[in-house]
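>>> Based on what follows, work out the 3D shape:
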Amino acid sequence: MGSQMTSHVVFFCEGTPATKNSWWGSLITTIITYIFGLAITPIWPLNWWMGYYLWFSSMYYQCLAVFPAMYNWLFLKTRKRTGYLMKVMIFLQVLNAIILVAAWFSMKSAPSYNHYDAETGEKNDVSEFDNAYGSDPVVYNAVILSFYLFAPFWALYFVIGGVLAFIYDAYKPAERHNAHVWGYVADACTLVQLGLTVTIICQPLYNDPNATRWFRPSDADYIGDASSAQRLWDNLCGRIMCPLTTLWIFAMATGEGYTAKILRGDFLVHTLGPNSYNCFLFHQMIGQWYYAATRPGEFWNWWSYRKSFYWFSPGPCPVEWYEYFFVVGIVVAFSNFMDNTFTPVIKDVWDWITGLFKGEEEEVEIDIGVTLCGLIEKMTGIEPEMDSTLDEVGLASVGIPVIVGMLNSAFSSKKYPLSISSADLLEAKTIGDIADVVEGARARSEQDGV
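Have a look, this model is predicted:
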């Protein structure tokens, strides 16, 4: 969707690859794709990229589907077997490396769309673009996108995280006399990552074709390319860091070191933490709205012009440095609103609509503990006890938003709707703690007469 910029603006709206000439067809397939979380390979040709990061929901649903089988296998076959778990971890890290190497060397030579002059860095006229459907650049573009959105390649990191949790449980580094060493490891990993981040940020911009950019292969540093190899490298370089981030997370879990001390601060945990998922999903569009609102008549990375790359190519929001804090604050506030206000309202409206068809329901006494244990067993395949920790039954990996939705849905009634938020569960460590939160929320609802 967008327009081509020549001497004047020419607005147009191009359909999805599957419905190129149908606006309504593209809109309907896009809505269906996002509703069911199917913005993945091979479904992506059915959707416009209206929500850049909503594809992540597809990966999240995949993790929820994979979790029960993965956890049960790890629990039954590998628990307390440190040596065996380490072999599994090494295998997964090697598999990750093989996938990345194969992807890079098979796709790094993607032909250019000829959007830019390789010598001057100036943008070519639209008439010189090589973007005909079916041309080599388009084929490579589609192949790279298909690799990016191939869900099992992302599930690999979820499995690595699960294996890491069982290694931690078997080795118990925090209970050893040299636990403080892991603090040094965590802080060292943090410094390495910060150093790489600063280096990458300080690199020259792409509009200088003669500049050298560090930690970047020449194939991904070609200004004449529309972004195929660049985007491929941007995707791969984060995955290359998997061994480092795996070690970092393991070391951080001990709670030792300055990094862990900073990250367990009350503001990060209780204020920002519960909003992290929505911040990830909505930060791009909030940045776009902010830019449009503060610069009337101008749009950044919006649909008013054709992108240099078919699929989402988010770039830094082009604002002044001090506006960064405004944008971040707005993103957090919006995410909080979505999590704690908008979502509950939508649920209440849905309950009201369904209530019109179901009629008045008779209140049934519910045993919170039994019901909660049944829900968890159905969800994870693990039969829990009231004193089971969230880690032991796998709920810590699923995420607080999922638990909150599960509780509000299971324990709400038409007469006494339950309204538990993510913040209510931050201190919960066991199934019993969750049951206490539910019991307290039900008591408040009945007392208020909601």
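>>> check contacts around the nearest residue to Gly51 once chain neighbours are set aside.
Take Gly51 and drop its neighbours on the chain: the residue closest to it by Cβ to Cβ, 6 or more residues apart in numbering is Tyr34, 6.5 Å away. From N, CA and C alone the C-beta is placed, and that goes for glycine too. When contacts are counted by Cβ atoms under 8 Å, 6 or more residues apart in numbering, Tyr34 touches 47, 50-51, 54, 57.
>>> quick one: which two of those are the most distant?
Using Cβ to Cβ, those span at most 13.3 Å, a distance reached by Met50 and Ser57.
>>> Run through the helices of the stretch 251-400 of the chain in chain order.
Using DSSP state H, counting those that start in this stretch, the helices of the stretch 251-400 of the chain run over 258-263, 266, 276-294, 323-337, 343-358, 368-380, 390-393, 395-398, 400-411.
>>> Show me the one of the ones you listed that comes nearest Leu164.
Among the helices of the stretch 251-400 of the chain, helix 395-398 comes nearest to Leu164, with 10.6 Å by Cβ to Cβ.
>>> which one's the longest helix in the protein?
When every helix of the chain is counted residue by residue (DSSP state H), the longest turns out to be helix 82-107.
>>> could you say what helices and strands it packs with?
Judged by 3 or more Cβ pairs under 8 Å, 6 or more residues apart in numbering; DSSP states H and E, the packing partners of helix 82-107 are helix 136-148, helix 151-171, helix 228-240, helix 242-252.
>>> Now it: buried residues?
By neighbour count on 16 or more other Cβ atoms under 10 Å, the buried set for helix 82-107 is 85, 88-89, 92-93, 96, 99-100, 103-104, 107.
>>> I'd like those residues laid out as TSV, including distance to Phe342.
Below are the buried residues of helix 82-107 laid out as TSV (distance: Cβ to Cβ, whole Å):
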residue	distance to Phe342
Leu85	42
Val88	41
Met89	40
Leu92	38
Gln93	40
Asn96	37
Ile99	38
Leu100	38
Ala103	38
Trp104	41
Met107	40
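>>> pretty sure Ala186 contacts Ile262?
No. The criterion here is Cβ atoms under 8 Å, and Ala186 misses it with Ile262 at 10.7 Å.
>>> So for the two, which residue has more residues nearby?
A direct count of neighbours by other Cβ atoms under 10 Å for Ala186 and Ile262 places Ala186 higher, at 25 against 10.
>>> what sits against the nearest residue to that one once chain neighbours are set aside?
Of all residues not flanking Ala186 in the chain, Ala251 sits nearest, at 3.7 Å (Cβ to Cβ, 6+ apart). Residues near Ala251 by Cβ under 8 Å, 6+ apart: 173, 182-183, 185-186, 189, 257.
>>> Ok, Tyr53 next?
Taking Cβ under 8 Å, 6+ apart as the contact definition, Tyr53 lies against 280-284, 312.
>>> where's the residue nearest to the spatial centre of the chain relative to Asn340, distance?
Geometric centre of the chain, nearest residue: Phe56, 4.7 Å, by Cα atoms, centre = their mean. With distances taken as Cβ to Cβ, to the nearest Å, Phe56 is found 21 Å from Asn340.
>>> same question, Gly255
According to Cβ to Cβ, Gly255 and Asn340 sit 28 Å apart.
>>> Also Gln193?
Counting by Cβ to Cβ, the separation of Gln193 from Asn340 is 31 Å.
>>> Please verify my assumption that Tyr184 contacts Tyr258.
No. Using Cβ under 8 Å, Tyr184 is not in contact with Tyr258, being 9.8 Å away.
>>> Let me know the pLDDT of Gly359.
On pLDDT, Gly359 comes in at 59.
>>> swap that for His177, please
pLDDT, His177: 90.
>>> same deal with Pro209?
With respect to pLDDT, Pro209 scores 58.
>>> And Leu268, by the same measure?
Taking Leu268 on its own, its pLDDT is 86.
>>> Same question for Val327.
Here, the pLDDT recorded for Val327 equals 91.
>>> surely it meets Gly287?
Yes. Using Cβ under 8 Å, Val327 is in contact with Gly287, at 5.7 Å.
>>> higher neighbour count, those two?
Neighbour count, other Cβ under 10 Å: between Val327 and Gly287, Gly287 has more, with 23 against 18.
>>> Is the more buried one in contact with Phe326, as I believe?
No. Counting by Cβ under 8 Å, Gly287 does not reach Phe326; the two are 10.5 Å apart.
>>> the inter-axis angle of the longest helix of the chain versus helix 228-240?
Calculated by axes from the mean of the first three to the mean of the last three Cα atoms, to 10 degrees, helix 82-107 forms an angle of 170 degrees with helix 228-240.
>>> Asp348: neighbour count?
Neighbourhood size, Asp348 [other Cβ under 10 Å]: 13.
>>> Pull out the buried members of the contacts of Tyr53.
281-284, 312.
>>> Run through the stretch 351-450 of the chain and note the low-pLDDT ranges.
Within the stretch 351-450 of the chain, the segments meeting pLDDT under 70 span 358-365, 380-381, 394-402, 413-416, 446-450.
>>> Go ahead and name everything in contact with stretch 90-98.
By Cβ under 8 Å, 6+ apart, stretch 90-98 touches 156-157, 159-160, 163, 239, 242-243, 246.
>>> One more pass at 10 Å, please.
With Cβ atoms under 10 Å, 6 or more residues apart in numbering as the test, stretch 90-98 has contacts from 153, 156-157, 159-160, 162-164, 239-240, 242-243, 246.
>>> Now do the longest helix of the chain and helix 242-252, the angle between them.
150 degrees.
>>> so helix 82-107 versus helix 136-148, what angle?
170 degrees.
>>> what angle separates helix 82-107 from helix 151-171?
160 degrees.
>>> Thr19 is in contact with Ser26, isn't it?
Yes. Counting by Cβ atoms under 10 Å, Thr19 touches Ser26, with 4.8 Å between them.
>>> any residues in contact with both of these two?
Taking Cβ under 10 Å, 6+ apart as the contact rule, Thr19 and Ser26 both touch 46-48.
>>> Report the separation between Leu76 and Trp233.
Leu76 is 40 Å from Trp233, where distance means Cβ to Cβ.
>>> To clarify, my last question referred to Ile98.
Taking Cβ to Cβ, one finds Ile98 at 17 Å from Trp233.
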